[in-house]
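Participant: structure of the sequence below:
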Amino acid sequence: MLAGMISSVRQQLIERLADGEFHSGSELATELVLSRTAVHNHIEALSGYGLEIYRVKGKGYRLAAPLSLLDAEQLLLGRSVPLHLFWQLDSTNAFLMARRERCHSGEACLAEMQTAGRGRRGRPWVSPLACHLYLSYFWRLEQGMGAVGGLSLAVGVMLAQALERCGYADIELKWPNDLYLQGRKLGGILIEMQGQIGEPCDLVIGCGINVAMPASMADLIDQPWADLQGDSAERVDRTALAQEVLAALATGMQQFEQQGLAPFIAAWGARDRFRDQAVTLLMGEREIQGVARGIDPQGNLQLELASGQIKAFGGGELSLRPQWQN
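Facilitator: Below is the predicted model of the structure:
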């Protein structure tokens with residue numbers, strides 16, 4: 001069973017309701033050794049985790065859709081470095097950052113739910129329980145902070161390839177750290193680092209991928225979004241997805257450490273969502289408009305300005321938007 005802050009009773013309720021079938025209040029009360037009133041109160045609390053629960057008189061309770069809970073046994077099988085699994089965390093990135101001095105390259109953290117998930121520039125990341133993939137991965141880059149350039153692009157390629165191996169075609173990438181599906185945002189990457197010049201750099205690579213967005217959470221997102229579930233009747237296996245992502249990061253980070261961004265550039269360009277499109281680059285209060293012309297060998301965005309000049313822009317506080325969103 002996964003560790004975490006959700007009470008053991010609620011964990012058991014979630015595990016029983018995960019099949020998407022009806023379970024009567026009396027059945028649940030007997031199994032969990034609770035009163036029916038206590039079951040009802042715990043069910044009410046589960047709604048606060050982003051779960052949609054139907055209540056039908058004479059039938060009981062069921063989820064609006066089945067859940068694919070993380071399988072700890074499968075995820076831990078064959079691993080030689082620690083993998084931390086939680087029911088609930090504030091942030092998987094924050095967990096690894098707090099213990100980075102004790103971490104080994106390849107160490108990872110997953111959670112069924114985040115209470116303070118973060119995206120780039122401190123934006124909140126909507127993280128309902130057992131609906132998406134919340135995964136962070138630690139790597140100690142021996143070359144130091146000077147070798148980190150372009151890492152978010154390389155990780156984007158790693159994740160896209162993992163998703164493609166799971167059967168999801170047409171994954172696209174947006175500079176510098178987003179994944180797109182069918183023209184809408186599917187996931188994001190948040191890389192945090194700690195280190196000093198001349199020393200190895202500790203990296204925590206946060207990966208958030210939308211798997212099955214609950215209708216109750218959709219209104220909290222301020223841009224067009226996609227999820228892997230889509231209109232498919234077959235439930236997405238989040239454990240299999242996590243395994244593919246972990247495998248892709250393990251192989252990809254070794255390659256990045258040895259060769260940098262170079263082996264990922266062509267693969268990134270083949271998935272460039274906004275290549276040759278009119279875009280607006282946000283630099284604080286400043287806006288720069290132009291046509292996106294891909295990336296350079298350092299991973300900088302190449303933007304063709306109105307003058308015809310092609311200028312390269314680095315990461316940091318830059319934010320790319322299609323011009324129709326402005």
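Participant: determine the longest helix present in this structure.
Facilitator: helix 238-259 (DSSP state H).
Participant: C-terminal to it, what's the next element?
Facilitator: Using DSSP states H and E, the helix or strand that follows helix 238-259 in sequence is helix 265-270.
Participant: hey, C-alpha coordinates of that next one in CSV?
Facilitator: Included here for helix 265-270 are C-alpha records, laid out as CSV according to Å, rounded to 0.1, in the frame of the first residue of the first chain:
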residue,chain,number,x,y,z
ILE,A,265,17.6,18.1,-31.6
ALA,A,266,16.3,16.3,-34.6
ALA,A,267,13.7,14.4,-32.6
TRP,A,268,12.5,17.7,-31.0
GLY,A,269,12.3,19.5,-34.3
ALA,A,270,10.2,16.7,-35.7
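Participant: tell me the buried residues in that helix?
Facilitator: Buried residues in helix 265-270, counted by 16 or more other CB atoms under 10 Å: 265, 267, 268. Every C-beta, even on glycine, is put in place using the N, C-alpha and C of the backbone.
Participant: need the residues that contact it.
Facilitator: 153, 154, 156, 157, 160, 161, 173, 275, 294, 295, 297, 299 (CB atoms under 8 Å, 6 or more residues apart in numbering).
Participant: please enumerate the helices of the chain.
Facilitator: 8-17, 25-32, 36-46, 72-76, 92-98, 151-165, 215-218, 238-259, 265-270.
Participant: any idea of the mean pLDDT in the shortest one?
Facilitator: In other words, helix 215-218. The average pLDDT within helix 215-218 is 68.
Participant: ok, now the third one?
Facilitator: For helix 36-46, the mean per-residue pLDDT is 90.
Participant: would you quantify the distance from the closest residue in space to residue 40 that isn't next to it in sequence to residue 59?
Facilitator: Leaving out its chain neighbours, the residue that sits closest to residue 40 by CB to CB, 6 or more residues apart in numbering is residue 25, at 6.6 Å. Distance from residue 25 to residue 59, counting by CB to CB, to the nearest Å: 10 Å.
Participant: out of these two, which sits in the busier spot?
Facilitator: residue 25 (18 against 13; other CB atoms under 10 Å).
Participant: ok, now how distant is the more buried one from residue 133?
Facilitator: From residue 25 to residue 133 the distance is 32 Å (CB to CB).
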